[in-house]
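**Q** Give me a 3D structure for the following:
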Amino acid sequence: MLSFAVTAPATPTPPEEIAEALNHIGPLHGLSFEERLWLVNHGDEVAANAGDVLYEEGAPADHMVLILKGEIHVRRQHGGSMALFIGRAGQMTGILPFSRMKSYGGQGFAVSPVHALLIHRSLFPAMIEAIPSIVQRSVSVLLDRVREVTRIEQQAEKLAALGKLAANLAHELNNPASAAQRAAASVIEALQANRNNRFKLVKLALNADQIRAIEAWEQKVLTRTLPMPSAAPDPGALDYIAREESVRSWLGAIGCHEVWEIAPQLAEQGVKAADLDELRTVLSPTELCISLQFFARYLRSARAAETLVNSTARIFDLIGAVKDYSNMDRAPILEVDVPAGLDATLQMLRSRMDHIEIERDYQPNLPRISAYGGELNQVWTALIENALDALGEAIPSDRSSSVVHKQGLLRIACRLEVDMLLVEIWDTGPGIPPDLQERIFEPFFTTKAPGRGLGLGLDYAMRIVRKHRGHLSVRSEPGSTCFRVRLPLDQLQAY
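**A** I've put the predicted structure just below:
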């Protein structure tokens, strides 16, 4: 019974011709004609058309496959659709002697017409006896296959991490970019409105005393510093509402038609009805309304310009964090500021931390260490992302309220410990079960749902830390999990 969903060709190929074709299989090159003929006589010749599914993920792996013609692709479906293996003419694949493979790791399908020879695993002892060199040939193929699959999985893990960072960065850039766009639109609108208003100001023909009085009044108002109004029902917001209502009533009483535009801007700057009374002594109602309208538009455009400055500064900060995180334009081995790398990583993942309390505990004046800065940042990313996954998503305690309580605590500590630099990453998640704590650093081991992780993050972090002659460990119990990274300070110790 073939595990391959294929059939024998309509016209069988002469055994001698297949034996000759087997000499083009790389791992079998150099076998005698009699040894190749043994494989042909004990194997099953099969054929498949382009697009045919040869086997499903998880199906029993019972055959060694010698690909004589065509190309086979294997894709993992349940762990996330990705290319796992590509088999071409001239390759020996499938289950091999001494392999612990039990089932196919992905779905295999033909991308072009396939012609192959299958050897059932039950024939392996007889095959080794008839062809002793098959042992060394099979082991060599197994080692190459392990290296290739590991490389592909690691690449997929890195791409997944890059995708997460890109999403986080896009989220972080979106807020200041949107604010800058709105502020620029507000500035343009205010400038255009004042351009139309300038003729009204000229037509007023204010005298020198009136101009000095307006300038003094505006300067007094501009030097006031008040907190920005908040949507929360705090005393500051209530004061703002009361000021706006009193200014609105005052302006309406003297016949201003632009109350909706003037009152909010003046109230936000702390102007009260008593302040307006001062101007009323030197300006007529018409002069007062036009002057205040011009001043309100100035306030709005000034605030918009300030928002533009702050938003673009935030964007530059994010770009700086990306450069610090990736160590762009720098040599591989650096004098690394570890706390700065931790902060850059937190910046990259900030969009996932809206409902998580962050606590930093860095010992002052920590020395720099010689290290591969970009690789260390990948360690911090893996450990912090694990902590964020453990803390989970925030859920508002009161669905009728916009207030979201903190979901947990993420604590980052960095300090000296004898001649080592110690980094601790704590979280208040549910913890790691004791029977799994010894396995979490194994490659491909993961407790996450299918498609959410390949189980290589902690393995890769461990290998980077060991590359730096450091040590990575974990201590966990319900409500408290801590990953500890110890790195040597001295460059001679590290390398």
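**Q** Now stretch 334-344: buried residues?
**A** Residues 334, 336, 337, 338, 339, 340, 341, 342, 343, 344 are the ones in stretch 334-344 that count as buried (16 or more other CB atoms under 10 Å). In short, each C-beta sits where N, CA and C put it, glycine included.
**Q** so of these, which ones are in helices?
**A** 338, 339, 340, 341, 342, 343, 344 (DSSP state H).
**Q** can you give me the strands in the stretch 251-400 of the chain?
**A** Ranges of strands within the stretch 251-400 of the chain are 333-336, 356-362, 369-372, based on DSSP state E, counting those that start in this stretch.
**Q** Quick check: which of the ones you listed is nearest to residue 108?
**A** strand 369-372 (37.9 Å; CB to CB).
**Q** Check which helices and strands that closest one sits against.
**A** Counting contacts by 3 or more CB pairs under 8 Å, 6 or more residues apart in numbering; DSSP states H and E, strand 369-372 packs against strand 333-336, strand 480-488, helix 491-494.
**Q** lowest-confidence stretch among the ones you listed?
**A** Of all the helices and strands packed on strand 369-372, mean pLDDT reaches its minimum on helix 491-494 (a mean of 50).
**Q** Now distance to residue 303 too, for the strands of the stretch 251-400 of the chain, in TSV please.
**A** Converted to TSV, the strands of the stretch 251-400 of the chain look like this (distance: least, CB to CB, whole Å):
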stretch	distance to residue 303
strand 333-336	41
strand 356-362	29
strand 369-372	45
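**Q** Pull up the gap between residue 195 and residue 202, please.
**A** 12 Å (CB to CB, to the nearest Å).
**Q** re earlier: for the buried residues of stretch 334-344, work out which two are farthest apart.
**A** Greatest spatial distance in these: 334 and 343, 16.0 Å, computed using CB to CB.
**Q** related to what we said a few turns ago, looking at the helices and strands packed on strand 369-372, which is buried most?
**A** strand 480-488 (a mean of 20; mean count of other CB atoms under 10 Å).
**Q** Give me the helices and strands touching that strand, please.
**A** strand 369-372, helix 373-391, strand 420-427, strand 471-477.
**Q** Show me what the host helix or strand of residue 20 is packed up against.
**A** Per DSSP states H and E, residue 20 falls inside helix 15-22. Under the contact definition 3+ CB pairs under 8 Å, 6+ apart, helix 15-22 sits against helix 33-42, strand 63-69.
**Q** And the very next helix or strand once past the first one, what's buried?
**A** From helix 33-42 onward toward the C-terminus, using DSSP H and E, the following helix or strand is strand 44-48. Buried residues in strand 44-48, counted by 16+ other CB under 10 Å: 45, 46, 47, 48.
**Q** Against the centre of the chain, work out the most remote residue.
**A** Residue farthest from the centre of the chain, counting by CA atoms, centre = their mean, is residue 207 at 62.3 Å.
**Q** And that residue, what's its pLDDT?
**A** pLDDT, read off for residue 207, is 84.
**Q** Just put the helices and strands packed on helix 15-22 in TSV and tack on distance to residue 135, mean neighbour count and mean pLDDT.
**A** Formatted as TSV, these follow (distance: least, CB to CB, whole Å; neighbours: other CB atoms under 10 Å; pLDDT from 0 to 100):
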stretch	distance to residue 135	mean neighbour count	mean pLDDT
helix 33-42	13	17	93
strand 63-69	13	22	91
